[in-house]
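*Asks:* Sequence first, predicted coordinates after that:
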Amino acid sequence: MSDLPPYPPLDPTTYDLIIVGTGVSESILAASASSSGSSVLHLDPNPFYGSHSASLSLPDLTSFLHSNSLPPPPSHEGPSDFLSVDLVNRSLYSSVEITTFESSILDEHHSRKFNVDLCGPRVLFCADESINLMLKSGSNNYVEFKSVDASFVGDSKGELRSVPDSRGAIFKDKSLTLKEKNLLMKFFKLVQAHLAVGSDEAGVEIKEEDMESPFVEFLEKMCLPPKIKSIILYGIAMLDYDQDNVETCGDLLKTRDGIARLALYITSIGRFSNALGALIYPIYGQGELPQAFCRRAAVKGCIYVLRMPITALLLDKETGGYKGVRLATGQEIFSQKLILDPCITVGSESMPSLTDQQKETVRVLVPKAISCKGRIARGICIVRGSVKADVSNALVVYPPKSLFPEQLAAIRVLQLGSGLAVCPADMHVLYLSTVCDNDDQGKAALLSAMSTLIRPQVPESLQSESAAENDTAEAKPVVLWRALYVQELIKGEFGGSISSTSSPDGNLNYNEIVESAVKLYVQLMGSEELFKEETSPENTTEEENDGGADIEA
Amino acid sequence: MHGRPRKAYKPEEEAASAAKAVKLRSLQSQFMSNHHHKIYTKEAIDLSTKLLEINPEAYTAWNYRKLAVEDTLSRTESNPDLVKSILDEELKVVESALRQNFKSYGAWHHRKWVLSKSHSSVGNELRLLDKFQTLDSRNFHAWNYRRFVVELTNRSKQDELKYTEDMICKDFSNYSAWHNRSVLLSSLLARKADGFTPNEKIPEEYKLVHDAIFTDEDDQSGWFYHLWLLDQTVNVETPLLTSSWPPHGSRINLSGAGCLKKLTTFCSESGSFPLVLYFDKAVVGVSSSTVRIDSELKGNDDLVWEPVSNKNAQVSCVWVARVKYMSSEPCVPKEYTVKVRIGNSPGIVSSRGCNFSAPYELVFTAHVHDTVQEVPQEAIVSWMDGFDIWDAQSEDLNNLVNLDQSNTQMDSKWRQETIAEEIDLFRELSDSKIGKLTLARLLMAKAMISENGVKGVHYEEILELYNDLMALDSSHYHYYKDEHSVALLRKVTSSNESLSGHLFRYRDLNNSVCLRLNNLSLSRIASVEKFLFVQMLDLSHNELHSTEGLEAMQLLSCLNLSHNRIRSFSALDSLRHLKQLRVLDVSHNHIGEHTVDTTRYLCSSPLSNSEWTQDEAGRQVPSLVTKYWDAYFVLRDLNLKQLDVAGNVIAGDEFSSFVRQVVPQLVWLDGQKLGS
């Protein structure tokens, strides 16, 4: 990025909205704002779409994780009618640790076949709000999905038990006792009856006092044994923290929210006739999602410029109000409003010189005002083989305390295969994540999950001997390449003319990200609905086909 | 195709349907004219194709096509390619008709007919079925047709069994798949296919169905299969001898007309005693060749065996022959040994075609008394008092109730283990209705197949379960009540101790032994096989609707049915088989209360029956016979000395005079001695 190709100056130079960063939140905002008729300039300092939600080749991923912590190129100092405030790019990532166990993986012919997510593990529930938004905006035309074939709950012994998430799955399950099957199905029926309230079918509402009680207590009240409780809490409701431990639990879930999470799961199953279970994943990686919204935005007139960092904010000298930004090329571009990627901040050295009014304008970009709500440790492993025979795309959840006694939060692992065009044919990509308080704790948890699932690479000299052994030994996959990093969680904020978006969160789906983007849009535009007038003919036919998410069976 | 709501038609849809009807009517009239004129040209056949495409239910069109095919084939028999193309065309028409309506009987039947002409294309059929069955996995037409095709292709039953398993795994609420599974297993078990022995296979099947039942206990399909499995566990196909009178090893006293004194004494004016065989299933073929009698009692070489069945069928659980012990010349008073060999030659076959395979020999001694001890008193039997506790002579009783061939015949170990496991398991589900019912059935099954000594243990629990069910589920109250009665009677007969608690001596009748099952709120009679020896029976103050089952009690001479819920004489029909019955009390029932008696419609109309006009009463009082025809048919065949009908709506002067006509030998009617 140091040798930027010479860009012609942008024209026009004034927009309703400038958005910097092409992550999922920013792309949704770009698409919705341009469809409502606003003129939008969408910039990204990187040479690819997606920012922190991108899917990249292994070298690009490596350089992104490192380069992001570099300061942006110095801004052009020239004569200006405005007060310019320098911007600083801070990295979301820390403790980045990348290890290559088999160098051939970085060979040219291999590395192009990788589309590795920065924000993994991540999937979509068929009934997700993000799917609804895609259908509504028409961006579903640009993405295809495939089902995640199975989900499992793992333990420290390396055992993977499939999550009995439906009537048929409970029937087929071999590890549950008959009594447990009975209790679990009864519980599902209870939830379904609760959800049916208000529809045609007869529903039975769960009592209000129960809805307000902690979900874990409600599960106990339903006489569910610990094994099933853990499946529901971490394998279906996808909770992070140990719900049994009120002290360490960062987030004790209420029954109301627990039921809502189960409802999402239940309604996801069977929403699309060609999707097997509740979860789907976009072919070519999660990076396809922001791209799809960007394409939609472009169709609606949004202007895109990649490899274009912004170096400074331009404020009115008199009022201190926002006027525009200065691009890395030195050009000054003006807009009513500005939305920035969460890692763009106002450099601390420029702060003391600002007036109170100016400070108020850039409020959301001041680092100390950025609220940190925790960290998320992520891991990526490229492996040869699969964590479970005959299964390519699978989710594995390790509930709290399942791997080691001090394990505070659930660890989620998503294995994806070449069927999703994310890696070469004989390999799988494994994404791991867990929420943590500090980097070491998070990385230790991920390494523990890795060692349960994956065999370490054997030194080349011993390889031939162990090869024979491998056939008889447990068929664990072999790690070829590994990345470990800890990502900061930053909550976006509305700040009048300048707002910031959220970083990718620690959840499995995009629901919270979409929710905050929608909220921000409403605050920015004063409008209630996104993609309100979207009723283009292609859209309606698409929905009638029920192939909204174009899922391949 | 299940669970899809039906939508009201929109106006444009209605218009389209009207247009379709017009087109259909014109097609139909053209078609009918072709049919009547036996026109089988290509155009005519195409017309029927068009008709069937619109309406696959047009049965006449299918039949017309059959005629057309026959007609064409008769002319082109020699060319196999042409024959094939004609039949293939038919299959195509059926397929498109099925696309239109998957449940068209005519189309499925036509397909079967085509295949029966030539099976060359039978390989395609399973592929087609797989497609259909993915669309609608429990459509019984498709499953039915599947069985037909499988027969033709000789596809192995094991493969089909696997197919049902796959279908069940896809969705276990599939009655058709479970049903087909039971059909296939029955056949595999019956022909003892490799690896298909009941003691291995049945427990495996229990495991499969447990997953279905415990996953969703509200889904009925699994419960149906479980019930079938339970039946396979408890019952064997081959008919078995359950009991007899006289029982094996017993010593009976026979005398002329006289008294009932000891439990083992039988008196008869006719000088013969009934030999009763009670099988666990209805059988045919009991005759002097299949049952051989070996004794010195004269004149019994060619015994006539009669089925004792209400339905006048030749199939019955109970068979009786009358063995003479006093023929024209009084026989010498002495002891005779009688050997009865049942199944002496093959021929006793259950209604399902299974042979009585294990010959059984019962031996008893008959002590014949030469003299008539006393002139029988024609005293009234009051039922009210004069009953003494029976001083249990348990040897006598042991003698009388000890045959149970069924236990010795079955390889009962795995059955007992299986049932015991099921009971433990289903206690978990016993808070639901079906769970309670299944538990009660399992406990009953356990009681049936366990050793005599422990039988009594579970009845209390069974009775408790049925009581709960009656309270919980009033719409099936009568079913539970009947099952409760059955369990109660099983409990009574479960041991000699409990049975003797119901045995009394009746002083007024020479201390005859009376079985009193009064005041038990019985709604149904069961365990009759244990009561074959009973000559005096008190069933008063129960809730009986019918006497069905009592026909087996061939020795019965006094019967009290007062204070029950009998609604008509038709309900007493089974009593006609009781040749010894002299005293009958049906007072305080509901006879005559209901003007429309639905059971009448089950009987042949008396007006079409010329029989009755020929006998005495029929000639004397035809109007009364017409009015009381149901009473007439029962009473006419009985040889009653005492009858009580008071307390019924039907009772009255008119009915009394009718009774005296029909039963001239009657001595007591409603407690009044009749003048001779």
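*Replies:* Cool, the structure landed.
*Asks:* A:Q415 is in what secondary structure piece?
*Replies:* strand A:411-417 (DSSP states H and E).
*Asks:* meant to ask about B:L24, not that
*Replies:* helix B:11-36.
*Asks:* mind listing what's buried in that helix?
*Replies:* B:24, B:27-28, B:31, B:34-35 (16 or more other Cβ atoms under 10 Å in any protein chain shown). Heads up, the C-betas are built off the backbone N, CA and C, glycines and all.
*Asks:* wait, which of these is closest to chain A?
*Replies:* Nearest to chain A among those, counting by Cβ to the nearest Cβ, is B:L24 at 30.2 Å.
*Asks:* The closest one contacts B:I54, doesn't it?
*Replies:* Yes. Between B:L24 and B:I54 there is a contact at 5.5 Å, judged by Cβ atoms under 8 Å.
*Asks:* Quick one, grab the pLDDT at A:A425.
*Replies:* As predicted, A:A425 sits at a pLDDT of 89.
*Asks:* Look up the closest residue to it, ignoring the ones flanking it.
*Replies:* Leaving aside its sequence neighbours, A:A425 sits nearest to A:S418 (Cβ to Cβ, 6 or more residues apart in numbering or on different chains; 4.5 Å).
*Asks:* which ones are touching A:L83?
*Replies:* For A:L83, the contact set (Cβ atoms under 8 Å, 6 or more residues apart in numbering or on different chains) comprises A:314-317, A:320, A:358.
*Asks:* Nearest spatial neighbour of A:A193, chain-adjacent residues omitted?
*Replies:* Nearest non-adjacent residue to A:A193 (Cβ to Cβ, 6+ apart): A:V204, at 4.3 Å.
*Asks:* Okay, the one you found and chain B: tell me how far apart.
*Replies:* 14 Å (Cβ to the nearest Cβ, to the nearest Å).
*Asks:* hmm, back to that, output the contacting helices and strands for the helix holding B:L24.
*Replies:* Applying 3 or more Cβ pairs under 8 Å, 6 or more residues apart in numbering or on different chains; DSSP states H and E, we find helix B:11-36 packed against helix B:42-54, helix B:59-76.
*Asks:* How far does the longest one sit from its chain's centre?
*Replies:* Going back to what we said before, that points to helix B:59-76. 43 Å (Cα atoms, centre = their mean, to the nearest Å).
*Asks:* what residues does the helix or strand just after that helix touch?
*Replies:* Where DSSP H and E defines the elements, the next helix or strand beyond helix B:59-76 is helix B:80-100. The list of residues contacting helix B:80-100 from outside it, by Cβ under 8 Å, 6+ apart, reads B:49, B:52-54, B:56, B:65, B:69, B:72-73, B:76-77, B:104, B:106-108, B:110-111, B:114, B:117-118, B:120-121, B:128, B:132.
*Asks:* follow-up on the earlier one: I'd say the residue nearest to A:A425 and A:M427 touch.
*Replies:* Yes. Using Cβ under 8 Å, A:S418 is in contact with A:M427, at 7.0 Å.
*Asks:* more neighbours, the two?
*Replies:* A:M427 (24 against 15; other Cβ atoms under 10 Å in any protein chain shown).
*Asks:* thinking again about what came up before, adjacent strands (with direction) for the strand holding A:Q415?
*Replies:* Strand A:411-417 has these partner strands in its sheet, going by DSSP bridges: strand A:394-398 (antiparallel), strand A:427-436 (antiparallel).
*Asks:* Flag every buried residue along the shortest one.
*Replies:* Looking back up the chat, that one is strand A:394-398. A:394-398.
*Asks:* The longest one too?
*Replies:* If you call a residue buried by 16+ other Cβ under 10 Å, then strand A:427-436 has these buried ones: A:427-436.
*Asks:* nearest to chain B, of those?
*Replies:* So of these, ranked by how close each gets to chain B (Cβ to the nearest Cβ), first place is A:H428, at 26.9 Å.
*Asks:* just checking, A:R378 is part of a helix?
*Replies:* No. Per DSSP: H, G, I helix; E, B strand; the rest coil, A:R378 lies outside any helix segment and is strand.
*Asks:* With adjacent residues omitted, what lies nearest to the residue in chain A that chain B sits nearest to?
*Replies:* Proximity to chain B, evaluated over chain A using Cβ to the nearest Cβ, is greatest for A:L178 at 4.0 Å. Spatial nearest neighbour of A:L178, chain neighbours left out: B:F214 (4.0 Å); criterion: Cβ to Cβ, 6+ apart.
*Asks:* Could you report the neighbour count for the one you found?
*Replies:* 25.
*Asks:* Return the distance of the strand or helix carrying it from the chain's centre.
*Replies:* Using DSSP H and E, B:F214 sits in helix B:198-215. Its chain's C-alpha centre and that of helix B:198-215 lie 27 Å apart, by Cα atoms, centre = their mean.
*Asks:* Pull the residues that contact it.
*Replies:* A:167, A:170-172, A:178-179, A:181-182, A:185, B:165, B:168, B:172, B:178, B:181, B:185, B:188-189, B:195, B:219, B:221-223, B:225-226, B:229, B:232-233, B:411, B:414-415, B:418, B:421-422, B:425, B:428-429.
*Asks:* just the buried members of these?
*Replies:* A:167, A:170-172, A:178, A:181-182, A:185, B:168, B:172, B:178, B:181, B:185, B:188-189, B:219, B:221-223, B:225-226, B:229, B:232-233, B:414-415, B:418, B:422, B:425, B:428-429.
*Asks:* Filter those down to the ones in helices?
*Replies:* Among the buried ones among the contacts of helix B:198-215, the members falling in helices (DSSP state H) are A:167, A:170-172, A:178, A:181-182, A:185, B:168, B:178, B:181, B:185, B:188-189, B:221-223, B:225-226, B:229, B:232-233, B:414-415, B:418, B:422, B:425.
*Asks:* before we move on, what SS does B:L643 have?
*Replies:* Going by three-state DSSP: B:L643 is strand.
*Asks:* does it really touch B:W668, like I thought?
*Replies:* Yes. Counting by Cβ under 8 Å, B:L643 does reach B:W668; the two are 7.2 Å apart.
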